[in-house]
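>>> okay, sequence plus prediction incoming.
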Amino acid sequence: MEASKEVLLNIKNLHKNFGDRGVLKGIDLVLHKGEVLVILGPSGCGKSTLLRCVNGLEKTNQGDIIFQGKSIYDKDIKMREIRQKIGMVFQSYDLFAHMTVIENILLGPMKSQKREKEEVLALARMLLEKVGLGDRENSYPRELSGGQKQRVAIVRSLCMNPDIILFDEVTAALDPEMVREVLEVILNLAKQGMTMMIVTHEMNFAKSVADRIIFMDEGVIVEESSPTEFFENPKTERAKQFLNKFEY
């Protein structure tokens, strides 16, 4: 999948501290429209924190995040609107237990974006069919498997018509047999040209879905390359050590 040269996101010298501990230490990163960027690295290296900063869920200490040519920190920018354009799917699904699948999906587009129910309902049903859940719109989250809940969470994000979707370890809480069905949905999104930033520990998936790999350690970007180059010929000793722990 060929990404365009249009820059959607430009992260400049981003720093994030938790107390005295630096979690992100000067991240510089560009994301192009249609690109799938996969972020790899050991636990605690700052991958998830980076996604949460991009989505505005964490305040940063220094640096800038420029989305579609404008800083998300500009005083006239509403973070609620940024979150609609930069969707995020978490490992914990975050579905409302008292709402059906379709009610969970319709809530954001109708309440936050004030869109017509008929339009959103048609889109939601089409997307549920695409992810193999066309017959589950009236089910409650408790009636679904983990993999099904995660696919609903992805549909919910897609129904907001985002420009970018961030995926934070979306298979981490799933049983192994449920992982594939979720990864296939994300692979299909990549084929359709969706711009994505993905944090994952699934190496084979990373290799197959990514246009570019970012490898992080201790809050910095250690290595940046194509999937083939990263997995077959990593440039740094730290990346080699990391990859030696996985079979792929």
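Arrived safely.
>>> what score does R83 have for pLDDT?
Here the pLDDT value assigned to R83 is 89.
>>> how much space between it and S157?
R83 sits 10 Å away from S157, going by C-beta to C-beta, to the nearest Å. C-beta coordinates here come from the backbone N, C-alpha and C atoms, glycine included.
>>> which one's more surrounded, the two?
Just comparing R83 and S157: by other C-beta atoms under 10 Å the higher neighbour count belongs to S157, 22 against 18.
>>> can you report phi and psi for the residue nearest to that one when sequence neighbours are not counted?
Nearest residue to S157, sequence neighbours excluded (C-beta to C-beta, 6 or more residues apart in numbering): G87, at 3.9 Å. Per-residue torsions, G87: phi -70, psi 160 (degrees, to the nearest 10).
>>> residues of the lengthiest helix in the chain that come out buried?
Longest helix in the chain by number of residues (criterion: DSSP state H): helix 176-191. By neighbour count on 16 or more other C-beta atoms under 10 Å, the buried set for helix 176-191 is M178, V179, E181, V182, L183, V185, I186, L189, A190.
>>> for the first one, what are its contacts?
Residues counted as contacts of M178 (C-beta atoms under 8 Å, 6 or more residues apart in numbering) are S145, G146, G147, Q150, T171.
>>> so how do I select the buried members of these in ChimeraX?
Those of the contacts of M178 that count as buried under 16+ other C-beta under 10 Å are selected in ChimeraX with:
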select :146,147,150,171
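>>> can you tell me which of the contacts of M178 are in helices?
Reading helices off these with DSSP H, I get G146, G147, Q150.
>>> so the first one versus E169, what's the distance?
In other words, G146. 13 Å.
>>> swap in F230?
Going from F230 to E169 by C-beta to C-beta gives 19 Å.
>>> ok, those two, which is more surrounded?
Neighbour count, other C-beta under 10 Å: between F230 and E169, F230 has more, with 23 against 19.
>>> what about the more buried one, which SS state?
helix (DSSP: H, G, I helix; E, B strand; the rest coil).
>>> list phi and psi for E137.
phi -60, psi -30.
>>> who touches the nearest residue to it once chain neighbours are set aside in this structure?
In space, and not counting its chain neighbours, E137 is closest to I102: 4.1 Å by C-beta to C-beta, 6+ apart. The neighbourhood of I102, defined by C-beta under 8 Å, 6+ apart, consists of L121, A124, R125, L128, E137, N138.
>>> no more questions from me, cheers.
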